[in-house]
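**Student:** Have a look at this fold, sequence not included:
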């Protein structure tokens, strides 16, 4: 690893990550993976957390799924160009310092405060948990605060629905520093990406494997084609000659996201609006585009997947580095709290 | 340490401990310390946990108090005859495996289940937390389940008010073994001591430093004398010649607990019931008895307190041994769950 353990206060530290519950898809590529590749090229330390412990908070009955996806998502990272020499890819369940930090933080947050968290409220509703919420799920914002502070992250790229998480983290940081003195922990800044979130192929706001409206990064040429075929366009555009609507037309949203030549897309939009551009033709163009985007990723995925030892070595090295940094933070935290240390 | 890491399934393993929030007192001596000394002399492994992390769940603002009492309680242990060669005295905050185990367990318990715990309900009321319950406090039964299972404890001596804790632990054990297969964890058996709980000197059901009705193990001769003087007797026993009531008379409860010669106590009871035995005389006898009980403890306390390095070494050795056992359990737990292990 070329990364040093000690982070100077000037270097921004970014923390991102994923709950490994399913394969990464085009939505991840647009929403987060591309910006991570940018981060690693800029003057910025970056930790990318495979949040398998967090995935377990609502998948306790299916650790095999979480384990499988931990490796698969790591392969996705490497395939899209996350460089383990520049970014630290680490596995949450193998950084026990995070659990210890969470334990201390749990005393600084009230149950009422957690239950007020709008993101958690929404997610509890989505999952139909009602009163049968696993405690781990209710407290995951505290565990997330541990993730962020352990790595002394200053930048946390999140969707706007995740802003309450960063607010909760910073509340804990302030309460911690106020209670135990010193400045063991740093506040983090949420960075909401300017790129709009990629909708699902059905036009729904969020692309998600579990909603069945995603094209995964590992999709075969056939799966890509079928995904594009099913894509939501303008339901009013019945005949080719009719003028069509571009707004809310998922094919155009995807072209905006994946066709680098904006002039080409602008011409297509104008043509579609005038009438005379068939959905079939348009979809063929997007299909070509996506095939070009995903072919090299799929190819690299396949090569990397052959060498699982390499993937595991990457995770081991990243996790080792992450533990060093987290241990450093935890030492500061323990010192600030000042419980008895038995001599060693 | 003469203790081995591997516990055969036949040897009972006892787990006891204290929240280090105040000095131990006569109530602890009668209610738990004496039985711990018995345990260590019998064919039984014993872990004694200085539960400083648990103490922090409702003392997050005062870690200095917890730290001070961790050492003081350890000195109390050694002074009353807990033998670190036979019992493992360990510090909870330095066994991070417990935090990790707790993290896994938190996903196996619902918020509703925790809120139904009668002991926690009662304690929340006592502390006036209402909705401002620290999350750490609400979840401490889960953390306690981690303590018990980490050490593969089979015997947990508890007051009857703590029985719901053992029930919660065994629910987690069953859910864990059912979900992840195998038998990584063992159920524990609560042992409710036959000795009645020692009341406070004011006659209230529970002796407690925070209620100001305790005589601590480190009490000076003067403090003992004043404690006995304040002791609740029979409020109807106005004149020496009057018959007095023995039941609910705290002096007699204490004589029952501390005077080994039961014939002596029986004679005193008969005399008191007949009338003619002054409270002052009776209290003088109890004072003598308690002075005899506490003098050697106070003397040993003083000697041990001079050598804090020795105390810390005891804690370090015990904590090291406890970590070995907890790590062993955690390895089994991780293997049963089967999340991805990055290569090392």
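**Tutor:** Ah, there it is. No experiment lies behind these values; they were computed from the predicted model shown.

**Student:** could you pull out the strands for the stretch 1-150 of chain A?
**Tutor:** Assigned by DSSP state E, counting those that start in this stretch, the stretch 1-150 of chain A shows strands spanning A:13-18, A:45-50, A:88-91.

**Student:** just checking, what packs against the top helix by length along chain A?
**Tutor:** If you go by DSSP state H, chain A has its longest helix at helix A:308-337. Contacts defined by 3 or more CB pairs under 8 Å, 6 or more residues apart in numbering or on different chains; DSSP states H and E place helix A:308-337 against strand A:45-50, helix A:63-80, strand A:88-91, helix A:97-106, helix A:140-150, helix A:163-180, helix A:279-306. All C-beta spots, glycine's among them, are computed from the backbone N, C-alpha and C.

**Student:** can I get the strands of the stretch 1-150 of chain A in a markdown table with distance to residue A:163 and mean neighbour count?
**Tutor:** Output for the strands of the stretch 1-150 of chain A, formatted as a markdown table (distance: least, CB to CB, whole Å; neighbours: other CB atoms under 10 Å in any protein chain shown):
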| stretch | distance to residue A:163 | mean neighbour count |
| --- | --- | --- |
| strand A:13-18 | 15 | 22 |
| strand A:45-50 | 19 | 26 |
| strand A:88-91 | 24 | 26 |
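
**Student:** Could you say which one of those comes nearest to residue A:35?
**Tutor:** Nearest to residue A:35, of all those, is strand A:13-18, at 8.1 Å by CB to CB.

**Student:** how about the closest one, does it reach chain B?
**Tutor:** No. Remark: strand A:13-18 sits outside contact range of chain B, by CB under 8 Å from any CB of the partner chain, the gap being at least 13.6 Å.

**Student:** Next to chain B, which bits of the stretch 101-250 of chain A? Give me the list.
**Tutor:** Contacts of the stretch 101-250 of chain A with chain B, taken as CB under 8 Å from any CB, map to A:102-104, A:106-112, A:114, A:131-139, A:142-143, A:179-180.

**Student:** what bits of the stretch 1-150 of chain A have low per-residue confidence?
**Tutor:** Across the stretch 1-150 of chain A, the ranges flagged by pLDDT under 70 are A:1-9.

**Student:** The helices and strands packed on helix A:308-337: which one's closest to residue B:28?
**Tutor:** Proximity to residue B:28, assessed across these by CB to CB, is greatest for helix A:97-106 (25.7 Å).

**Student:** for the closest one, packing partners?
**Tutor:** So helix A:97-106, by 3+ CB pairs under 8 Å, 6+ apart, packs with helix A:140-150, helix A:163-180, helix A:308-337, helix B:97-106, helix B:135-138.

**Student:** Could you count how many residues lie near the residue of the stretch 151-300 of chain A found nearest chain B?
**Tutor:** Per CB to the nearest CB, the residue of the stretch 151-300 of chain A with the smallest distance to chain B is residue A:179, at 5.9 Å. Counted with other CB atoms under 10 Å in any protein chain shown, the neighbours of residue A:179 add up to 15.

**Student:** Might one say that it is in contact with residue B:60?
**Tutor:** Yes. Because the distance of 6.8 Å satisfies CB atoms under 8 Å, residue A:179 is recorded as touching residue B:60.

**Student:** what is in contact with these two at once?
**Tutor:** residue A:108 (CB atoms under 8 Å, 6 or more residues apart in numbering or on different chains).

**Student:** okay, now the domains of chain A?
**Tutor:** Residue ranges for each domain of chain A read A:13-198+A:308-337, A:209-301, as given by automatic domain parsing.

**Student:** Among those, show me which one is buried the most.
**Tutor:** Stretch with highest mean neighbour count among those: domain A:13-198+A:308-337 (a mean of 20; mean count of other CB atoms under 10 Å in any protein chain shown).

**Student:** and that one, how far apart are its ends?
**Tutor:** 25 Å (CA to CA, to the nearest Å).

**Student:** Relative to the whole chain's centre, how far out is that domain?
**Tutor:** On the basis of CA atoms, centre = their mean, to the nearest Å, domain A:13-198+A:308-337 sits 9 Å off its chain's mean C-alpha point.

**Student:** tell me the contacts of residue A:143?
**Tutor:** A:53, A:54, A:57, A:98, A:102, A:136, B:103.

**Student:** now residue A:231: how far from residue A:201?
**Tutor:** In this view, residue A:231 and residue A:201 are 5 Å apart by CB to CB, to the nearest Å.

**Student:** now do residue A:182
**Tutor:** With the distance defined as CB to CB, residue A:182 ends up 51 Å from residue A:201.

**Student:** Which neighbours do residue A:231 and residue A:201 have in common?
**Tutor:** Both residue A:231 and residue A:201 are contacted by residue A:250, under the criterion CB under 8 Å, 6+ apart.

**Student:** Mind jotting down where the strands sit in the stretch 151-300 of chain A?
**Tutor:** According to DSSP E, counting those that start in this stretch, the stretch 151-300 of chain A carries its strands in the segments A:155-157, A:189-191.

**Student:** tell me which strands and helices the last one is in contact with?
**Tutor:** Translated: strand A:189-191. Secondary-structure packing of strand A:189-191 (3+ CB pairs under 8 Å, 6+ apart): strand A:155-157, helix A:163-180.

**Student:** Kindly report which one of the ones you listed carries the lowest mean pLDDT.
**Tutor:** Mean pLDDT across the helices and strands packed on strand A:189-191 is lowest at strand A:155-157; the value there is a mean of 93.

**Student:** Spit out the contact partners of residue A:290.
**Tutor:** So, once contact is read as CB under 8 Å, 6+ apart, residue A:290 ends up touching A:26, A:215, A:224, A:228, A:254, A:258.

**Student:** Report whether the expected contact of the fifth one with residue A:231 is present.
**Tutor:** Yes. Counting by CB under 8 Å, residue A:254 does reach residue A:231; the two are 7.4 Å apart.

**Student:** Next up, the contacts around residue A:245.
**Tutor:** Each residue near residue A:245 by CB under 8 Å, 6+ apart is listed here: A:234, A:236, A:237, A:273.

**Student:** just the contacts of residue A:143 now: which is nearest residue B:174?
**Tutor:** Checking the contacts of residue A:143 against residue B:174 by CB to CB gives residue A:136 as the nearest, at 17.8 Å.

**Student:** Test my guess that that closest one contacts residue B:110.
**Tutor:** No. Counting by CB under 8 Å, residue A:136 does not reach residue B:110; the two are 10.0 Å apart.

**Student:** just to revisit the earlier point, now the strands of the stretch 151-300 of chain A in TSV, with distance to residue A:205?
**Tutor:** Compiled in TSV, the strands of the stretch 151-300 of chain A are given as follows (distance: least, CB to CB, whole Å):
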stretch	distance to residue A:205
strand A:155-157	19
strand A:189-191	20
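
**Student:** Nearest to residue B:298 among those strands would be which one?
**Tutor:** Checking the strands of the stretch 151-300 of chain A against residue B:298 by CB to CB gives strand A:155-157 as the closest, at 55.1 Å.
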